[in-house]
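*Asks:* need a structure here:
(chains A and B)
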Amino acid sequence: MAAVQKKPEVTEARLGAVSIPTGGAWASAARADALARVRAMGLPDRRDEYWKFTRPDTLVQAEAPRAALFDPNEAPMFDGVDRLRIVFVDGVFDAAQSDDLSLEGVSIERLSDAAEADIHWAKDLYGVLETRGQDPVARSLAALNTAAATDGIVIHVTGKAAKPIHLRYLHADETSDAILHHLVKLEPGADVTILESGPAAARFNKCMEIDIADGAAFHHVRTQGRDHKRRAVTHMFTRLGNESAFKSFTMTANGVLTRNECIIELTGDDAKAHVSGAAMGDGDFHHDDTVFITHDAERCESRQVFKKVLRNGATGVFQGKILVKAGAQKTDGYQISQSLLLDGDSQFLAKPELEIYADDVICSHGSTSGAIDEEALFYLRARGVPEGPATDLLTLSFLAEAVDEIEDDGLREEVTGLLAGWLERRRG
Amino acid sequence: MLEINNLHVDLEEEDKTILKGVNLSIAGGSVHAIMGPNGSGKSTLSYVLSGKDGYTVTKGSATLEGADILDMEPEERASAGLFLAFQYPVEIPGVGNMTFLRTAVNAQRKARGEEEMSAADFLKVIRAKAKDLKIDADMLKRPVNVGFSGGEKKRNEILQMAMLEPKMCILDETDSGLDVDAMKLVSDGVNALRDAGRGFLVITHYQRLLDHIKPDFVHIMADGRIVKSGGPELALEVEKNGYADILTEVA
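*Replies:* You can find the predicted model right below:
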């Protein structure tokens, strides 16, 4: 664990504002361990190298800053998809708004129920991947989550899930401070799609640990948006077995502060991990994608595709690392992070990193910032497309490489529609 | 159709005068060709007419069916019926060729107050026109011009022209980068669009394109002016003797 001197009073102030839930022996032990990790690491502050581009103050302070609600009656996301809905309001499971939790190929429980049980498979996953993810970089907000998460969902996938599971996060209270922790365990050959949407709370700390056994496949599509003043820090920790797959896409529109961390360990041979994102921000928008991928097996493939559209002083951050351990031969790693700056005030801060200890690998990475291609814009206009729609078309074209990472046609079209709608509204 | 009067144009960046008084009158149904050495201003003329940034008109006028096009945005000129087939068609990754064309067709229809074309109708029309130009379904699906060969890009320009049905077509060195077979295909596409209501301005270095697209008038451009005009025989003269003789003769 990285040893950085932190001010203990900041960490203690935050811990003083949370209550550690009670539970069975395994859960209590996991939470106590996590609490010890938080204290040992300290919560991030402005001097923290890993938080160089994103100020953690508001994520760390004792109380959540107030965040106005956007529109509680807006149309739900993914409505065109046949799915099982699980609703959380300000971080609390809402049984009335959720579907029945039975689904073929899957067993679903509330974290609080699993935590009460004396013996539960969750014991071997809860906080386990999070702990592994603390090395070599401290992620103390994730440890805080493990210690203090009051709710969440625990999903055991034993076969092919009959339909996608949609975690819908509603925000109803302007000062809500939500901490959710989900577990997803996929047995060999299992297959599941998890959808997530919504602002969740004024401040949202979410952690998801995903254990993917041999030959299993995990698909994830998430939309974060709307309530502009909300703040969020999210972590996904995943470990992949032989010939398994992890595919995650996130769309973010609006948000004064979003930090999405994704920590991936390729521990089985021939596994594939693809993580991608399309973010669009206007004004006081700050979006941070932080990715850490460890190749620790042979012939694995990883892809990171992150695109950001920034205007009116918006800020985009990308920190992406590929670590190839000795012995991870035939690794194929790809990383691209790009921003489209629609004006001179916006900024994109990128820190791509490669660290390679194997000698037979292919790793490529690139990072660019650019404006709209004037030649392409003129070409479209010369064909009769007015400047506004032509700019939108080129913006969507810029985002396409990330959006195309979504395999399901219906979901991809839905996300494309959301992006197009956002652009059109900005034009007024 | 297209009337150009005493057009003077400066290149903004270099503060340089490129066009020094161009006069040209193109009637509907006629094909005019402009030939000339490199740097004579041929491509600048096509860009200024279509509304590209970076040029300043210092004197003169250009009208399409009586309407002043120099005051219009590029998209307004397109909707008014002007079409430029680009010398270097632009690649647009992430935008499907079909989506691009349908967006363009419907944007023009909307601008003219016409009803938009339905997806089904559009598909029917584009399939027939693509077939004539030997553009297969794959090329229609792929991102605009991405990974297209030189010949495919030019055929794609002609497909756009066929779909948009402009009144005035400007072809900027459409023959560059084409082999003999591709030139025939492109020329057939252009000839199929020739009719009494449509004017053509064909800009080229070489006479060979004019073997396929037979012009009614040929103009020689040099140093920002049209220095000589004549019939198709003028192109043959250029082919035989080069520009030197003509330029000496008019100097």
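
*Asks:* OK, contacts around A:L180?
*Replies:* Counting by CB atoms under 8 Å, 6 or more residues apart in numbering or on different chains, A:L180 makes contact with A:88, A:91, A:145, A:149-152, A:169, A:200, A:204-207. For glycine as for every other residue, the C-beta is placed from the backbone atoms N, C-alpha and C.

*Asks:* Tell me where the stretch 251-400 of chain A has strands.
*Replies:* Using DSSP state E, counting those that start in this stretch, the strands found in the stretch 251-400 of chain A span residues A:257-266, A:272-282, A:286-295, A:301-311, A:315-324, A:332-341, A:347-356, A:362-370.

*Asks:* Kindly reformat those strands as JSON lines containing mean neighbour count and distance to chain B.
*Replies:* Output for the strands of the stretch 251-400 of chain A, formatted as JSON lines (neighbours: other CB atoms under 10 Å in any protein chain shown; distance: least, CB to the nearest CB, whole Å):
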{"stretch": "strand A:257-266", "mean neighbour count": "25", "distance to chain B": "23"}
{"stretch": "strand A:272-282", "mean neighbour count": "25", "distance to chain B": "12"}
{"stretch": "strand A:286-295", "mean neighbour count": "24", "distance to chain B": "20"}
{"stretch": "strand A:301-311", "mean neighbour count": "23", "distance to chain B": "10"}
{"stretch": "strand A:315-324", "mean neighbour count": "24", "distance to chain B": "19"}
{"stretch": "strand A:332-341", "mean neighbour count": "22", "distance to chain B": "12"}
{"stretch": "strand A:347-356", "mean neighbour count": "16", "distance to chain B": "19"}
{"stretch": "strand A:362-370", "mean neighbour count": "14", "distance to chain B": "13"}
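
*Asks:* Tabulate those strands (JSON lines), appending mean pLDDT and distance to A:G241.
*Replies:* JSON lines is the format used below for those (pLDDT from 0 to 100; distance: least, CB to CB, whole Å):
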{"stretch": "strand A:257-266", "mean pLDDT": "98", "distance to A:G241": "9"}
{"stretch": "strand A:272-282", "mean pLDDT": "96", "distance to A:G241": "12"}
{"stretch": "strand A:286-295", "mean pLDDT": "98", "distance to A:G241": "14"}
{"stretch": "strand A:301-311", "mean pLDDT": "97", "distance to A:G241": "15"}
{"stretch": "strand A:315-324", "mean pLDDT": "97", "distance to A:G241": "18"}
{"stretch": "strand A:332-341", "mean pLDDT": "97", "distance to A:G241": "18"}
{"stretch": "strand A:347-356", "mean pLDDT": "96", "distance to A:G241": "23"}
{"stretch": "strand A:362-370", "mean pLDDT": "95", "distance to A:G241": "22"}
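
*Asks:* mind checking the end-to-end distance for stretch A:187-200?
*Replies:* One end of stretch A:187-200 sits 29 Å from the other (CA to CA, to the nearest Å).

*Asks:* can you pull the buried residues of it?
*Replies:* By 16 or more other CB atoms under 10 Å in any protein chain shown, the buried positions in stretch A:187-200 come out as A:187, A:189-200.

*Asks:* Okay, and which of those map to strands?
*Replies:* The strands, defined by DSSP state E, take in A:191-197 from those.

*Asks:* hang on, the earlier thing: among the buried residues of stretch A:187-200, which pair sits farthest apart?
*Replies:* A:G189 and A:P199 (35.3 Å; CB to CB).

*Asks:* Find the helix or strand that the closest residue to B:L19 other than its chain neighbours is a member of.
*Replies:* Leaving aside its sequence neighbours, B:L19 sits nearest to B:V9 (CB to CB, 6 or more residues apart in numbering or on different chains; 4.0 Å). Following DSSP states H and E, one finds B:V9 within strand B:2-11.

*Asks:* contacts for that strand?
*Replies:* Under CB under 8 Å, 6+ apart, the answer for strand B:2-11 is B:16-26, B:41, B:44-45, B:48-49, B:54-64, B:168, B:199, B:201, B:224.

*Asks:* how about the following helix or strand past it: buried residues?
*Replies:* Heading C-terminal from strand B:2-11, the first helix or strand you meet, by DSSP H and E, is strand B:16-26. When burial is assessed from 16+ other CB under 10 Å, strand B:16-26 yields the following buried residues: B:17-20, B:22, B:24, B:26.

*Asks:* mind putting these in TSV, distance to B:L164 and pLDDT included?
*Replies:* Below are those laid out as TSV (distance: CB to CB, whole Å; pLDDT from 0 to 100):
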residue	distance to B:L164	pLDDT
B:T17	32	92
B:I18	27	92
B:L19	26	94
B:K20	32	94
B:V22	25	95
B:L24	22	95
B:I26	18	95
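
*Asks:* any idea which of the residues you listed is closest to chain A?
*Replies:* Among the buried residues of strand B:16-26, B:I18 lies closest to chain A (CB to the nearest CB), at 17.6 Å.

*Asks:* number of nearby residues for the spatially closest residue to that closest one that is not a sequence neighbour?
*Replies:* Nearest-residue entry for B:I18: B:T44, 4.5 Å, with adjacent residues in sequence omitted and distances by CB to CB, 6+ apart. Residues lying near B:T44 (other CB atoms under 10 Å in any protein chain shown) number 22.

*Asks:* Is B:T44 in contact with B:L19, as I believe?
*Replies:* Yes - B:T44 lies in contact with B:L19 (CB atoms under 8 Å); the separation is 6.0 Å.

*Asks:* Fine by me, thanks again.
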